[in-house]
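Colleague: here are the coordinates; sequence isn't available:
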């Protein structure tokens, strides 16, 4: 038995070694490939290299879960017939990140352009998995985008992508509920809580909001309250989920959760879409991309919903971003210059943005589109003829600056339900839940080799 | 399963078969004796045996009914809700039908959506199952038989490797397998799903034990004396004796391959190569995120279509499986 065990170990060890050698080989070749790219565009931010790459043509791989991607790629290939774009639909952010991470680890099969949620940029940028687009002259494009989306794709002295869309928050509300109960649409969180009590009192099965501890919602709400719980400086990460803003949000939201004013309906489920249709949920504080989702997914809510600015804490307008994506060029991509050229067209060319907005819906990140009369004057039947974009665009100016996500944000989001979520479940102090979430993140960050402080 | 056994228990008769059967697997008596029962049923016995069992198993019957409901309720839900369009799916009760009967409209939409990609996923899954699960069964049968009936140097270490392989969950190996396949340039190909599916340590182990029990060495020796080659003996005699084991392994392999999710998720990028579970999840994901546009009614209808072949396979193979179990054990 002892000898056979040894043989097994030998076989396993040689298999692992073989795998490592093969991985090392392919890693080496792709390194030299990107080295060539750097040499080509080394003399400080030139977009000429990209024009040349477009002229020369070639094939690139584009991984995304954006529904309009195929149509955008088709328009691109029409404009640049020498280039072929293969679009791979990766389904959704979670599977997408997993596949991208695996390809990067393997060092082969890396796409030339890939979508990333804003909250995942750090996670791929810090380990050095993204190409700095400064070398291709992308700094000149800054003025095209809203400050908060540009901030989301630039960090640690580099430009890592171009914004695809944005999600400044707004308060979506079911006007029918408010009219029938004779209550005003809240402009502050205090009024919001009072309205929540009135809604609950009128019908215990309804609620002002559905929330049972969602990571994306929580971070955006802390952002709106002025909290900046995460700070990343290279390997040094600060996590303080008890800073002033985080506490302000938790103390306010405690009144909703401990008062039982929220519904525990999980988002993005059939139950949720039904509750949005039939008035069970009276308001939804979320990103400006929500109108398209309403029309597609809650058809019976047509005519009932309206948009208002986010309620404030003290009367001073404040806002945050919720959701949204960028496209990036991963390190080790076989054709980084052509990838960057496609990316530049994808998120800055008016034709591409027009396809994006008109066939699928989404909220733009580009100033020109956000300020156009056509966009601002758009009236939505679903929202009872309201000029919703005027309200949504106004929210952009109030988005607080300086927000950062953790370098392991997807992991952090995945443990929200077992930490913060417990406070929702037991209707106990949300601050305790935030501290539990913080502790788990400190532990994980240190395990990953970061220097984590809580000050 | 319980229903099947109790209905056939009535045909059980021959005491001789019941007597011989007790030794190899006591729990299978009813299913096993059913096969033997065909030859001659003494009418008097039909009433005796079932009656004795019924008195003892009232509590058991209640428990079984409870579990049957527990198992069948999700299926019922699936059938009922696949008849609804998106609107009535949200507005009507999940346990009863909606206003209109949309099943055929839903099926039509499932089959034609995105140029019939669902049909493509269906065919992919069939390829993965036929080649992957079929190959796994073939390899497990050959290997298990060889291990049971031949001796060769290193047999013990093979035993250790197989036991070790059973202990490691496939999910844990998925990422290392991906990295290895990536080095070989095999990711995002059908082979990347089929090759790992070909290896079934559990099936191998099962066939080994089964061959040991069901193929008497004396029979093989007799065949050798009569001048039959090893391959001919295997193909004409041993395979038949091992049939129930083969079907069991096949059933496990088919179900595992049909439902395989995590490995294809990691290996495949192109939608055109997806098996059904990945495709269903891709449609399900259309209900989340910034550009959400849920198609739950199609996901539900597609799920119903997805489980039909596996239900059919299970029901038809199960019968074969029980017959075979007795055929093997009687020989002893």
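Modeller: Right, received. Where do you want to start? What you see is a predicted model, and the numbers here were worked out from it, not measured in a lab.
Colleague: can you list the residues of the stretch 301-450 of chain A near chain B?
Modeller: Residues of the stretch 301-450 of chain A lying close to chain B by Cβ under 8 Å from any Cβ of the partner chain are A:323-325, A:360-362. Every C-beta, even on glycine, is put in place using the N, C-alpha and C of the backbone.
Colleague: out of those residues, which is most surrounded?
Modeller: The most crowded member of these is residue A:325, carrying 31 neighbours; neighbours defined as other Cβ atoms under 10 Å in any protein chain shown.
Colleague: Can you pull the phi/psi pair for residue B:76?
Modeller: phi -60, psi -50 (degrees, to the nearest 10).
Colleague: and it, how far is that from residue B:307?
Modeller: In this view, residue B:76 and residue B:307 are 13 Å apart by Cβ to Cβ, to the nearest Å.
Colleague: Show me which of these two is the more surrounded one.
Modeller: For residue B:76 versus residue B:307, the count of surrounding residues by other Cβ under 10 Å is larger for residue B:307: 15 against 11.
Colleague: That one belongs to a helix, doesn't it?
Modeller: Yes. Counting by DSSP: H, G, I helix; E, B strand; the rest coil, residue B:307 is located in a helix.
Colleague: Quick check: it vs residue B:179, distance?
Modeller: 33 Å.
Colleague: And residue B:120, by the same measure?
Modeller: Between residue B:120 and residue B:179 the distance is 28 Å, computed by Cβ to Cβ.
Colleague: The two: who's more crowded?
Modeller: Residue environment comparison for residue B:120 versus residue B:179 gives the larger neighbour count to residue B:179, 21 against 16, counting by other Cβ under 10 Å.
Colleague: Quick check: the more buried one touching residue A:107?
Modeller: No. The pair residue B:179 / residue A:107 is not scored as a contact, 9.0 Å apart, by Cβ atoms under 8 Å.
Colleague: If we ignore the residues flanking it in sequence, what's nearest residue A:394?
Modeller: By the measure of Cβ to Cβ, 6 or more residues apart in numbering or on different chains, the closest residue to residue A:394 outside its immediate chain neighbours is residue A:309, 6.6 Å from it.
Colleague: Residue B:143: what's it in contact with?
Modeller: Shown here is residue B:143, whose contacts under the criterion Cβ atoms under 8 Å, 6 or more residues apart in numbering or on different chains are B:204, B:207-208.
Colleague: So which of the residues you listed belong to helices?
Modeller: In this view, those that belong to helices under DSSP state H are B:204, B:207-208.
Colleague: Neighbour-wise, which one of the residues you listed leads?
Modeller: Highest count within the ones in helices among the contacts of residue B:143 by other Cβ under 10 Å belongs to residue B:207, 27 neighbours.
Colleague: ok, that residue to residue B:245 distance?
Modeller: Using Cβ to Cβ, one obtains 6 Å as the distance from residue B:207 to residue B:245.
Colleague: where do the contact lists of these two overlap?
Modeller: Shared contacts of residue B:207 and residue B:245 (Cβ under 8 Å, 6+ apart): B:141, B:144.
Colleague: Including pLDDT and secondary structure, could the residues of the stretch 301-450 of chain A next to chain B go into a markdown table?
Modeller: Conversion of those to a markdown table gives the following (pLDDT from 0 to 100; DSSP: H, G, I helix; E, B strand; the rest coil):
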| residue | pLDDT | secondary structure |
| --- | --- | --- |
| A:323 | 91 | coil |
| A:324 | 92 | coil |
| A:325 | 94 | strand |
| A:360 | 70 | coil |
| A:361 | 73 | coil |
| A:362 | 86 | coil |
